[in-house]
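>>> Give me a 3D structure for the following:
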Amino acid sequence: MNDQSRNESTPSLGVLSRLYWMAIGPIAIILIVIAVMMKSFKNNIPTSLIYWSLVLSIILIRYLDIRYLKGETADGEPATLNHWKKFSIMGLITYCAIWLVLIFLF
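Sure, this is the predicted structure:
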């Protein structure tokens, strides 16, 4: 792979990674939450594994986006690992709270 094709693939990967951590991952989590609430998906170990795998994948993809794909903030500024730390902490707090509600209410 030459340098030109590598440079052309990076923006595509960047767009895909941002699409994943901003939309696809959270939408998948919302769908799991809805399924558990509607009882079509039991709140059990496989459901927990899927949920937490999605959460961790969102955090990992955000890290890779910042570290290797020139990730940006919502304002279009270059994102740093400090942004990732804040994103990760807030994400884990939010997703833990959601999961606790599911465990205790459904």
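>>> For the residue sitting nearest the centre point of the chain, what is the enclosing helix or strand?
In the chain, the centroid-proximal residue (CA atoms, centre = their mean) is residue 58; its distance is 2.0 Å. Mapping residue 58 onto the secondary structure by DSSP states H and E places it in helix 45-68.
>>> what sits up against that helix?
Outside of helix 45-68, the residues within contact range by CB atoms under 8 Å, 6 or more residues apart in numbering are 14, 17-18, 20-21, 25-26, 28-29, 32, 36, 41, 71, 79-81, 83-84, 87-88, 91-92, 95, 99. (Each C-beta comes from the backbone N, C-alpha and C, glycine too.)
>>> Show the buried residues in these.
When burial is judged by neighbour count using 16 or more other CB atoms under 10 Å, the buried members of the contacts of helix 45-68 are 14, 17-18, 20-21, 25-26, 28-29, 32, 36, 41, 71, 79, 83-84, 87-88, 91, 95, 99.
>>> one step back: which other helices and strands does the helix or strand that the helix holding residue 58 is followed by contact?
The helix or strand immediately downstream of helix 45-68 is helix 81-105, counting by DSSP H and E. Taking 3 or more CB pairs under 8 Å, 6 or more residues apart in numbering; DSSP states H and E as contact, the helices and strands that helix 81-105 lies on are helix 25-37, helix 45-68.
>>> Can you lay out those helices as JSON lines showing mean pLDDT?
Putting these into JSON lines (pLDDT from 0 to 100) gives the following:
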{"stretch": "helix 25-37", "mean pLDDT": "95"}
{"stretch": "helix 45-68", "mean pLDDT": "96"}
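>>> Could you dump those helices into JSON lines and include distance to residue 75?
Compiled in JSON lines, those are given as follows (distance: least, CB to CB, whole Å):
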{"stretch": "helix 25-37", "distance to residue 75": "20"}
{"stretch": "helix 45-68", "distance to residue 75": "14"}
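>>> circling back to that earlier point, centre of the chain to the helix holding residue 58, how far?
In this view, helix 45-68 has its centroid 5 Å away from the chain centroid, taken as CA atoms, centre = their mean, to the nearest Å.
>>> Now it: buried residues?
By neighbour count, with 16+ other CB under 10 Å as the criterion, the buried positions of helix 45-68 are 47, 51, 54-55, 58-59, 61-66.
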